[in-house]
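>>> one predicted model, sequence on top.
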Amino acid sequence: MTKTQLRKLMAIRNASLLLAVISITLLWASAAEAGTKITQTTCPVVITQPGEYSLATDVGPCAPGVDGIDILASGVTLHLNGHTVTGSAAPGTCNSSTGISVGLTSMPMVSGVGVLGKGTVSNFFVGFLAQNSANSFAKFVTVTAQCPSASGISEGFVVAAPGGGWTLQNNVVREPGISSSGIFVFGIDNNNLVGNDVNDSISIVDSSNDTIVHNTANDNFAGIFVGTFRSVSQNNQIHATTTNNNTSSFGLDLGVGATGNNITGNKSFGNDPFDMQDDNANCGGNKWEGNHFNTANQSCIK
């Protein structure tokens, strides 16, 4: 097994373990009321009714294992208003929970949720987590984490099954360490990733009919990966992305079983071992056209 294959398998395994161990700690102290400014600084802020919500203050630092904000209702729009949701206050550490969480697998699916920045989520194990949720968005949110790589993986945005139809747009992720992921979409279809800027990998696993356009994934161990774990990843449109200087793995890679995707007009330079890579024989029906790169593992990549 090559170093690149090992890293990809490790990334998928870590993400699967992540989903298995994530739990949301709810104190149910007092749910935020719809249509009002949220002045609560203690964690968690729990939203259980539809409506417009607006942060009027920073939230946190949160106690270990406690989320920052939990959204458990459909039809919620949360305006961060430039505020910060903070996990650990200790330098070089992060809380083991989630900064902003949407949905809960033990409750009915939520939909029509919007989280709108500008605003920052800092020092959580997972910055933004959505599960059991659909047709929702997060825009203009910055996630930063100070988890040392030796302490395990950290994640910027995780959007996982069940659900689908998520839009992640113009978000920023800044995280240390090669074992973290900037954006991880797992097991849901019909998503839009537009204009996000991460210094980590963007991984799309078991996900089809996605639009991945104008994203940047530079300066980490990997750029953009589309792959399969239990299901398929097909008919994804990857266009005008930039994946440069990922020096321990690939720039843009389609894993075994990710077939029938369109990859056009992307830029990828300075990656090791390949700027662009397709692990399917003869590119497996993937259409690589009009891309700009120096190195590729197959001649069908153009």
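Right, received. Where do you want to start?
>>> where are the low-confidence patches of the stretch 201-302 of the chain?
Judged by pLDDT under 70, the stretch 201-302 of the chain has no weakly predicted residues.
>>> find the residue at the geometric middle of this structure.
When C-alpha atoms, centre = their mean is applied to the chain, the residue found nearest the centroid is I183 (2.3 Å).
>>> what is it paired to in the beta sheet?
Going by DSSP bridges, I183 is paired in beta bridges with F157, I202.
>>> just checking, it touches L168?
Yes. I183 lies in contact with L168 (C-beta atoms under 8 Å); the separation is 6.3 Å. In short, each C-beta sits where N, CA and C put it, glycine included.
>>> residues shared between the contacts of the two?
Contact criterion C-beta atoms under 8 Å, 6 or more residues apart in numbering; residues shared by I183 and L168: F157, V159, L193, N196.
>>> quick one: the last one from F140, how far?
It stands for N196. Distance of N196 to F140, given as C-beta to C-beta, to the nearest Å: 10 Å.
>>> what touches both of the two?
Common neighbours of N196 and F140 (C-beta under 8 Å, 6+ apart) are Q169, N170, N171.
>>> mind checking pLDDT for the first one?
The predicted local distance difference test score for Q169 is 98.
>>> quick one: contacts for it?
When contacts are counted by C-beta under 8 Å, 6+ apart, Q169 touches F137, A138, K139, F140, N192, L193, V194, G195, N196.
>>> and those residues, which is closest to I100?
Checking the contacts of Q169 against I100 with C-beta to C-beta, the nearest one is A138 at 7.9 Å.
>>> how many residues are close by that closest one?
Neighbour count for A138, taken as other C-beta atoms under 10 Å: 28.
>>> now the strand or helix carrying it, how far from the chain's geometric center?
In this assignment (DSSP states H and E), A138 forms part of strand 137-144. Centre-to-centre, strand 137-144 and its host chain are 10 Å apart (C-alpha atoms, centre = their mean, to the nearest Å).
>>> buried ones in it, by neighbour count?
Judged by neighbour count (16 or more other C-beta atoms under 10 Å), strand 137-144 contains these buried residues: F137, A138, K139, V141, T142, V143, T144.
>>> kindly report the same for stretch 69-78.
Of the residues in stretch 69-78, I69, D70, I71, L72, A73, S74, V76, T77, L78 count as buried by neighbour count, 16+ other C-beta under 10 Å.
>>> now it: average pLDDT?
For stretch 69-78, the per-residue pLDDT averages 96.
>>> now it: how far from the chain's centre is it?
With C-alpha atoms, centre = their mean, you get 18 Å for stretch 69-78.
>>> check contacts around the closest residue to N286 other than its chain neighbours.
Using C-beta to C-beta, 6 or more residues apart in numbering and skipping the chain neighbours, the partner closest in space to N286 is N261 (4.9 Å). By C-beta under 8 Å, 6+ apart, N261 lies in contact with V226, S233, Q234, N235, N236, Q237, I238, L254, N286, K287.
>>> just those: which are in strands?
Judged by DSSP state E, these include V226, Q237, I238, L254, K287 as members of strands.
>>> and the second one, how many residues sit next to it?
Spelled out, it's Q237. By other C-beta under 10 Å, 14 other residues sit near Q237.
>>> got a pLDDT number for L17?
On the pLDDT scale, L17 gets 43.
>>> how about the one 5 residues further on?
According to the prediction, I22 has pLDDT 49.
>>> number of residues surrounding D189?
21.
>>> contact partners for the nearest residue to S136 once chain neighbours are set aside?
Counting by C-beta to C-beta, 6+ apart, S136 lies nearest to V113, which is 4.0 Å off, once chain neighbours are set aside. For V113, the contact set (C-beta under 8 Å, 6+ apart) comprises I71, S74, G75, V76, T77, L78, V102, G103, A130, S133, S136, F137.
>>> including secondary structure and distance to F274, could these go into TSV?
Formatted as TSV, these follow (DSSP: H, G, I helix; E, B strand; the rest coil; distance: C-beta to C-beta, whole Å):
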residue	secondary structure	distance to F274
I71	strand	40
S74	coil	43
G75	coil	45
V76	strand	42
T77	strand	42
L78	strand	40
V102	strand	35
G103	coil	37
A130	strand	31
S133	strand	35
S136	coil	35
F137	strand	33
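>>> please enumerate the strands of the stretch 1-150 of the chain.
Using DSSP state E, counting those that start in this stretch, the strands found in the stretch 1-150 of the chain span residues 37-38, 45-47, 51-55, 69-71, 76-79, 84-86, 95-102, 110-111, 114-122, 124-134, 137-144.
>>> likewise for the stretch 201-302 of the chain?
In the stretch 201-302 of the chain, the strands defined using DSSP E, counting those that start in this stretch lie at 201-205, 211-213, 216-217, 224-227, 237-239, 252-254, 262-264, 267-268, 276-278, 287-289, 292-293.
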